[in-house]
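Novice: everything below, folded, please.
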Amino acid sequence: MQMKTGVEQSVYAMLLLNFLPEKAVLSGDVISQQLGGSATYFQKILRKLVSADLLTSVPGIKGGFKLKKRPEDIRIYDVYLAVEGKQSLYSSSGIFHDMLKLKEKDICLLSNLMEEAETSWKTILKRETIASLNEEINKKCKKENLQMLKKVVNEKMVL
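Specialist: Numbering: from 1, shown residues only. The predicted structure follows:
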């Protein structure tokens with residue numbers, strides 16, 4: 001399994017928005033510039049996050065995006081669902097049944113194992129939030145690098 005980059009970019013976009021003061025917004029163009037992606041692609045991603053009630057979109061020239069919920073209430077799993085949807089990570093192709101010429105579709109050696117792995121993975125993503133990742137950033141990143149990023153956000157935000 002390989003997660004699409006949209007989830008990663010969404011989480012980092014939300015971490016950027018976490019730096020904003022309460023009434024400020026950041027444009028999709030600024031977010032895409034900071035994360036190194038196309039503005040059109042980011043608009044689609046940001047719209048998914050708005051539809052999932054994770055972001056608020058403010059229209060107009062002075063418009064942009066901001067977090068809709070408190071960072072501690074935005075789980076990484078919620079971001080994943082907004083971008084990727086609810087489909088299961090594993091779906092049996094029936095190879096086992098074909099190989100052994102089985103008629104019952106109930107038997108699949110990997111289904112239980114994959115379901116258990118997916119449950120563990122979801123539990124971890126549900127445990128972590130934008131706030132917990134922000135704490136990690138503050139612990140692990142150089143202060144001057146964080147200050148530089150926050151300065152860019154403050155210069156580009158719209159009140």
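
Novice: show me the shaky parts of the chain.
Specialist: 1-4, 89-108 (pLDDT under 70).

Novice: what's the end-to-end length of stretch 62-73?
Specialist: Length of stretch 62-73, first residue to last, C-alpha to C-alpha, to the nearest Å: 27 Å.

Novice: and it, how far from the chain's centre?
Specialist: 13 Å (C-alpha atoms, centre = their mean, to the nearest Å).

Novice: list the buried residues for it?
Specialist: Buried residues in stretch 62-73, counting neighbours by 16 or more other C-beta atoms under 10 Å, are found at Gly64, Phe65, Lys66, Leu67, Lys68, Lys69, Pro71. All C-beta atoms are positioned from the backbone trio N, CA, C, and that covers glycine.

Novice: what's in contact with it?
Specialist: With contacts defined as C-beta atoms under 8 Å, 6 or more residues apart in numbering, stretch 62-73 is touched by 13-14, 17-18, 20, 24-28, 30-31, 46, 49-50, 53-58, 74, 129-132, 134, 157-159.

Novice: show me how to select, in ChimeraX, the buried members of the residues you listed.
Specialist: The buried residues among these can be selected in ChimeraX (16+ other C-beta under 10 Å) with this line:
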select :13,14,17,18,20,24,25,26,27,28,30,31,46,49,54,55,57,74,129,130,134,157,158
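
Novice: where do the strands sit along the protein?
Specialist: 55-58, 64-67 (DSSP state E).

Novice: reformat the ones you listed as a markdown table; add distance to Glu144.
Specialist: Formatted as a markdown table, the strands of the chain follow (distance: least, C-beta to C-beta, whole Å):
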| stretch | distance to Glu144 |
| --- | --- |
| strand 55-58 | 28 |
| strand 64-67 | 25 |
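
Novice: nearest to Gly37, out of those?
Specialist: Evaluated with C-beta to C-beta, these place strand 64-67 nearest to Gly37, the distance being 14.4 Å.

Novice: return the alpha-carbon coordinates of the closest one using CSV.
Specialist: Only the C-alpha atoms of strand 64-67 are listed here, as CSV (Å, rounded to 0.1, in the frame of the first residue of the first chain):
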residue,chain,number,x,y,z
GLY,A,64,-8.3,32.0,1.9
PHE,A,65,-8.4,29.0,4.3
LYS,A,66,-8.2,28.5,8.0
LEU,A,67,-8.7,25.6,10.4
